[in-house]
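Structure here, sequence nowhere to be found:
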């Protein structure tokens with residue numbers, strides 16, 4: 001990790017331009033947890049017969065918790081969700097295939113066996129993953145995650161022609177941003193929404209941290225144009241009142 005460059009200002013600019021209701025989140029992969037960052041310390045769930053356990057139902061739950069505080073996690077903390085453990089490089093696909101949650105997904109027809117090898121995943125197993133508000137970041141993160149409503153995604157999509165829009169599983173957009181250096185938005189997935197309680201009105205977007213400045217510049221210009229058009233349209237609509 002390198003020394004961060006005013007992530008508080010960048011978080012503020014992203015939030016202001018997109019009118020975010022949830023703060024941008026910083027996600028950082030490392031071999032060890034950074035010094036001075038507290039470990040996520042919720043109780044570990046009792047293990048299931050297939051060995052699954054964890055401190056939250058799925059790694060995407062950490063996105064919700066990270067809106068208000070910064071913390072570090074280790075692979076075991078993510079262990080209840082085999083899909084998220086694969087996308088974040090924490091377990092191999094061969095291990096996930098033996099887990100009960102994957103069997104349930106296959107039995108429901110939610111995924112098929114041939115889909116799993118195509119899901120983007122982090123290539124090197126991290127020893128720690130740190131989450132927290134981007135504005136509180138003290139080192140450059142790997143990925144910046146946004147929680148968006150439809151209007152905010154509209155602005156982002158206009159600002160970034162060709163924006164990659166993904167589906168299930170929602171968490172793989174983190175791997176897309178980190179490994180492929182691409183910005184990716186997600187419509188979400190039923191698995192994540194049930195485990196996080198994320199509102200039906202919300203979607204997500206993962207941005208490689210090195211592209212944040214460009215995204216801010218493009219979004220600010222697009223938001224200004226949208227505001228001008230919306231003002232015109234509202235004024236024009238008065239003729240029909």
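Nice, I can see it. Being a predicted model, the structure only gives us computed values, none of them experimental.

okay, now residue 9: neighbour count?
A count of nearby residues for residue 9, using other C-beta atoms under 10 Å, gives 11. Where C-beta positions appear, they are placed from N, C-alpha and C, glycine not excepted.

swap that for residue 116, sorry
17.

Identify the residue spatially nearest to it, adjacent ones excluded.
residue 93 (5.8 Å; C-beta to C-beta, 6 or more residues apart in numbering).

wait, the one you found sits on residue 87?
No - counting by C-beta atoms under 8 Å, residue 93 does not reach residue 87; the two are 10.3 Å apart.

any shared contact partners between the two?
residue 121 (C-beta atoms under 8 Å, 6 or more residues apart in numbering).

Pick out whichever of the two has more residues nearby.
Neighbour totals were compared for residue 93 and residue 87, and residue 87 leads with 25 against 13 (other C-beta under 10 Å).

Test my guess that that one contacts residue 177.
No - the pair residue 87 / residue 177 is not scored as a contact, 11.4 Å apart, by C-beta under 8 Å.

pretty sure residue 180 contacts residue 120?
Yes - between residue 180 and residue 120 a contact is recorded at 6.9 Å, counting by C-beta under 8 Å.

okay, the two: which has more neighbours?
Higher neighbour count among residue 180 and residue 120: residue 120, with 21 against 12, using other C-beta under 10 Å.

Assign a three-state SS to the nearest residue to the more buried one once chain neighbours are set aside, would you?
Spatial nearest neighbour of residue 120, chain neighbours left out: residue 175 (4.2 Å); criterion: C-beta to C-beta, 6+ apart. Following DSSP: H, G, I helix; E, B strand; the rest coil, residue 175 is assigned to helix.

And the pLDDT at residue 175?
Here, the pLDDT recorded for residue 175 equals 98.

where does this protein have low pLDDT?
1-4 (pLDDT under 70).

No further queries at this time; thank you.
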